[in-house]
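Asker: model this:
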Amino acid sequence: MNPPPDAAPLGRAAFLDRDGTLIVDADYLARPEGVELIPGAAEAVRRLNDAGVAVVVITNQSGIARGLLTEDDYARVEARVALMFAEAGARIDATYHCPHHPAITGPCHCRKPELGMYEEARDDLGLDTTQSLFVGDRWRDVGPGISLGGRAILVTSPATPHDDLMRAERDAETAPSLGDAVSRFLDGN
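Answerer: Numbers count the residues shown, from 1 in each chain. Okay, here's the model as predicted:
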């Protein structure tokens, strides 16, 4: 189906993983005071903001299903993340999270690498995934970008499994930092 001729163009987005990409991964973070931005992350997000690229955080939060944090804990942490980015002059436009774990809650369509959260964001925000960036420190964060026709860049971290790195080097791209991935995307390299 083609959009009407006067329809607004769909927007570009950067779909970013949270833990290990934007903030230091603190396993099942339940306390806002535990949030620590990864160096350079706020600047990278600000550059996306300045370029008119929607910044959408997509995060698995199985700690909720595991009983290690509540939805309220998650909301407080997420508010702290948004505040810390805002204080650094950067904006996160939307956040989507999956509170499930297949062994506890059964299978779902939202848990990465499934496409549910990405498709919901695309539809909610009028985004064009084929013109978008997908970044995270695990294959499950970038694999959906390939499925949705976007640019997938795995940012290496100490938590990145070796097999994920090898797969990204073969099937996507790798970068040493979020800032580098953003630069490549914005510069068209």
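Asker: count of residues packed around Glu119?
Answerer: 16 (other Cβ atoms under 10 Å). All C-beta spots, glycine's among them, are computed from the backbone N, C-alpha and C.
Asker: wait, Thr105
Answerer: Counted with other Cβ under 10 Å, Thr105 comes out at 15.
Asker: mind checking how far it is from Arg18?
Answerer: Distance, Thr105 to Arg18, by Cβ to Cβ, to the nearest Å: 20 Å.
Asker: next: Leu133.
Answerer: 15 Å.
Asker: same thing with Glu36?
Answerer: On the measure of Cβ to Cβ, Glu36 and Arg18 end up 12 Å apart.
Asker: looking at these two, which is more packed in?
Answerer: Between Glu36 and Arg18, Arg18 has the larger neighbour count (other Cβ under 10 Å), namely 23 against 12.
Asker: go ahead and confirm that one touches Val81.
Answerer: Yes. Counting by Cβ atoms under 8 Å, Val81 is a contact partner of Arg18 at 7.0 Å.
Asker: what is the burial count for the closest residue in space to Ser62 that isn't next to it in sequence?
Answerer: Among residues not flanking Ser62 along the chain, His101 sits closest, at 3.9 Å (Cβ to Cβ, 6 or more residues apart in numbering). Around His101 sit 17 other residues, with neighbours defined as other Cβ under 10 Å.
Asker: follow-up on the earlier one: now do the shared contacts for Arg18 and Val81.
Answerer: When Cβ atoms under 8 Å, 6 or more residues apart in numbering defines a contact, the residues bordering Arg18 and Val81 alike are Val57.
Asker: ramachandran angles for the residue lying closest to Ala94 once chain neighbours are set aside?
Answerer: Leaving aside its chain neighbours, Ala94 sits nearest to Val56 (4.9 Å; criterion: Cβ to Cβ, 6+ apart). Torsion angles at Val56 (phi, psi; degrees, to the nearest 10) stand at phi -120, psi 120.
Asker: look at Val56 and report its pLDDT.
Answerer: What the model reports for Val56 is a pLDDT of 98.
Asker: and the one 4 residues further on, by the same measure?
Answerer: Reading off the per-residue confidence, Asn60 sits at a pLDDT of 97.
Asker: for it, which residues count as its bridge partners?
Answerer: Note on Asn60: beta-bridge partners by DSSP bridges are Cys98.
Asker: contacts for the helix or strand of the chain with the lowest mean pLDDT next, please.
Answerer: Ranking every helix and strand in the chain by mean pLDDT, DSSP states H and E puts helix 102-105 at the bottom, with a mean of 93. Contacts of helix 102-105 with the rest of the structure, by Cβ under 8 Å, 6+ apart, involve 62, 65-66, 99, 108, 111.
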